[in-house]
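A.B. asks: Show me how the following folds:
(2 chains)
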Amino acid sequence: MIMPEERIIVPKPDRRKKIATIITVIVIIVGSGIIAHFNIIDVFRNLSKGVSILKRMFWPPDFTYIPNIVKPMLETIRMAIVGTCVGAIIALPIAVLAANNFIKTKWLHVPLRFILNIFRTIPALVLASLFVAVFGTGAFSGVVALSVFTFGLVSKLTYESIEAIDYGQVEALISLGANKLNILRYAIMPQILPQYLSYTLYGFEVNVRAAAVLGYVGAGGIGQLFEFNLAWRKFGKIGMIIIFSFCVVMIIDLVSSSIRKRLV
Amino acid sequence: MEKIIIKKERNYLKMSLKALYYIVVFSLIIWGFKGIEYKGIMKTASSSINALLDGFIHPDLTYAKDLTIDGLPYAVLETIAIAISGTFVSAILAIPFALLASQNIVGVKVARVGKVIVTLIRSFPELILALMFISVVGPGAPAGILALGIHSIGMLGKLFSEAIESMDMGVKEALESCGGNYFEVLFRAVLPQVSPELLSYTLYRFEINMRAASTLGLVGAGGIGAPLIFAIRNRAWSRAGIIIIVLIVTVTIIDQISGRIRKRLV
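C.D. replies: Modelled structure (predicted):
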């Protein structure tokens, strides 16, 4: 007896949905290219111009300009340190209040998170230009901007790690009759402190980069020198500033990330 | 009754190292605070804060309703377009860089070089790239797109290479043993496996680029940043207010949408 041939029917995946998705994505990408007047031919046509500017910037490198860069660079690092410190110190208590497992009333942490979100959405450069308009030009405005920015960043990361702590320790303390402050001191802080410090260092790394460009809107640091040279089209000096700050940023990044690795 | 004595181990070298650590950190902080000259808040500060807050409370709604090329909706649209195009350019350019930085594709030695290249790209500020591209293609959105496109290679290349390094190598080996050439292996084994992760990282970068695109205009690279900086410099607070409010709302909405898609992807 011959068995009838069995057929395995594999259901075909719905191709229409896939095609529709792909078409939508293509339309979005092409559409945004058109809106932004992006023309790849234009780019290649001007490529020689770009190469000549690059050459003027980096070759030959203008090492004689380094002494003029050191001071604003130190100011930039100072701004980053102070901004990070102030922002991170304010961030810690706020993060505790914004975490939903320490204070459980909704009316506190929902609006707090909303405000924190707003702080994080405003780019540091926009904050800086606002503070320059209010406090005047100089490093102080930059420090305030960096503080606000760091505050938003560190508090968000910290409240998330407070929410992810091992809650058993908190319960153990509650069952012993500990009050809120005790819980904070002996259950929450020891668990989040390494992470909090690591986030602060991360904030510092971000701030060094941010501080380097803040001067562009008048908020002190090396960006101011950059803008000055750009206005006079002194590309050689600009190139040196870029190389120098690049090296400083890399060194700070390396040190900070090696400390971070040991922390967590 | 027996007493349990816990001996405290004292490693003096370790302790003094720790003390040194603290001293260095604190002296750095003090050095930082000393250097920031505080000229005192300007006399006009309180009035300008009031004006600023007033601007946020009474935003310039006519500007938000202006549908011409000078209006806010167009500026927002242009910012989103810059972010999308920049992300698209960088996602495509990042793939070769990521392959170059993946140990399991090009070997340990080449990958090390590739990783350094990617790190170098990442540490180059996008604002400075934007300024450089402005001198190449002139002020406007294309300069912003190029700046984002190049700068984002750094982060995407790193994340992509991590995704590629953690993929299942069996598929690649199977194709190689069947005699698949380099491109066949790439397009049939490597990319299909990592594409959900690649897309997810690209969307994440798009969220970051959305924020970056809103600042690029400050240096003249298109988008919402230019009208914003004009409004702030002219102290037109009601206009600056509406721009910042719309910016926050747009970025938040895009974050939400992109976050949802990312959750479904991986």
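
A.B. asks: Report the contact partners of the residue of the stretch 51-200 of chain A found nearest chain B.
C.D. replies: Minimum separation of the stretch 51-200 of chain A from chain B (C-beta to the nearest C-beta) falls at A:Ile81, amounting to 3.3 Å. (Glycine included, C-beta is placed from N, CA and C.) Contact analysis of A:Ile81 by C-beta atoms under 8 Å, 6 or more residues apart in numbering or on different chains lists A:204, B:28-29, B:31-33.

A.B. asks: likewise B:Ile224?
C.D. replies: Neighbours of B:Ile224 in contact, by C-beta under 8 Å, 6+ apart: B:72, B:75-76, B:78-79, B:213-214, B:217, B:243, B:246-247.

A.B. asks: Go again with 7 Å.
C.D. replies: B:75-76, B:79, B:214, B:217, B:243, B:247 (C-beta atoms under 7 Å, 6 or more residues apart in numbering or on different chains).

A.B. asks: Contact residues of the stretch 101-250 of chain A facing chain B?
C.D. replies: A:117-118, A:121-123, A:125-126, A:129-130, A:133-136, A:138-140, A:143, A:209, A:212-213, A:216-217, A:230, A:242, A:246, A:249-250 (C-beta under 7 Å from any C-beta of the partner chain).

A.B. asks: Just these: which are in helices?
C.D. replies: A:117-118, A:121, A:125-126, A:129-130, A:133-135, A:139-140, A:143, A:209, A:212-213, A:230, A:242, A:246, A:249-250 (DSSP state H).

A.B. asks: got a list of what A:Val30 touches?
C.D. replies: Neighbours of A:Val30 in contact, by C-beta under 7 Å, 6+ apart: none.

A.B. asks: For the helix or strand harbouring it, buried residues please.
C.D. replies: Assessed by DSSP states H and E, A:Val30 sits inside helix A:15-35. Neighbour-count burial for helix A:15-35 flags A:29, A:32-33, A:35 (criterion: 16 or more other C-beta atoms under 10 Å in any protein chain shown).

A.B. asks: picking that back up, among the contacts of A:Ile81, name the buried ones.
C.D. replies: A:204, B:32.

A.B. asks: Could I have the buried ones of the ones in helices among the residues of the stretch 101-250 of chain A next to chain B as ChimeraX selection syntax?
C.D. replies: Applying 16+ other C-beta under 10 Å to these leaves a buried subset, and the ChimeraX line that selects it is:
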select /A:121,125,126,129,130,133,134,135,139,140,143,209,212,213,230,242,246,249
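
A.B. asks: how about the contacts of A:Ile81 in CSV, adding secondary structure and pLDDT?
C.D. replies: Shown next, in CSV, are those (DSSP: H, G, I helix; E, B strand; the rest coil; pLDDT from 0 to 100):
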residue, secondary structure, pLDDT
A:Phe204, helix, 93
B:Leu28, helix, 90
B:Ile29, helix, 90
B:Trp31, helix, 89
B:Gly32, helix, 87
B:Phe33, helix, 87
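
A.B. asks: Let me know the closest of the contacts of A:Ile81 to A:Arg185.
C.D. replies: B:Ile29 (23.6 Å; C-beta to C-beta).

A.B. asks: Quick check: the closest one touching A:Cys85?
C.D. replies: Yes - using C-beta atoms under 7 Å, B:Ile29 makes contact with A:Cys85 at a distance of 5.7 Å.

A.B. asks: Give me the below-cutoff pLDDT ranges for the stretch 151-264 of chain A.
C.D. replies: Applying pLDDT under 70 to the stretch 151-264 of chain A flags no residue at all.

A.B. asks: could you pull out the helices for it?
C.D. replies: A:167-175, A:180-183, A:189-214, A:222-231, A:235-263 (DSSP state H, counting those that start in this stretch).

A.B. asks: Would you mind saying which of those lies nearest B:Ile208?
C.D. replies: Nearest to B:Ile208, of the helices of the stretch 151-264 of chain A and by C-beta to C-beta, is helix A:189-214 at 11.7 Å.

A.B. asks: packing partners for the closest one?
C.D. replies: Applying 3 or more C-beta pairs under 7 Å, 6 or more residues apart in numbering or on different chains; DSSP states H and E, one finds that helix A:189-214 makes contact with helix A:66-98, helix A:124-135, helix A:139-163, helix A:222-231, helix A:235-263.

A.B. asks: Between the ones you listed, which one is closest to B:Ala236.
C.D. replies: The closest of these to B:Ala236 is helix A:124-135. By C-beta to C-beta, the value is 10.5 Å.

A.B. asks: tilt between that closest one and helix A:189-214?
C.D. replies: Calculated by axes from the mean of the first three to the mean of the last three C-alpha atoms, to 10 degrees, helix A:124-135 forms an angle of 80 degrees with helix A:189-214.

A.B. asks: mean confidence score for helix A:124-135?
C.D. replies: For helix A:124-135, mean pLDDT rounds to 87.

A.B. asks: ok, and for the helix or strand B:Phe56 falls within, which residues are buried?
C.D. replies: Element membership of B:Phe56 [criterion: DSSP H and E] is helix B:45-57. By 16+ other C-beta under 10 Å, the buried positions in helix B:45-57 come out as B:48, B:51-52, B:55.

A.B. asks: ok, and what's touching it?
C.D. replies: With contacts defined as C-beta under 7 Å, 6+ apart, helix B:45-57 is touched by A:133-135, B:235, B:237-238, B:240-241.

A.B. asks: Good, we can wrap up now.
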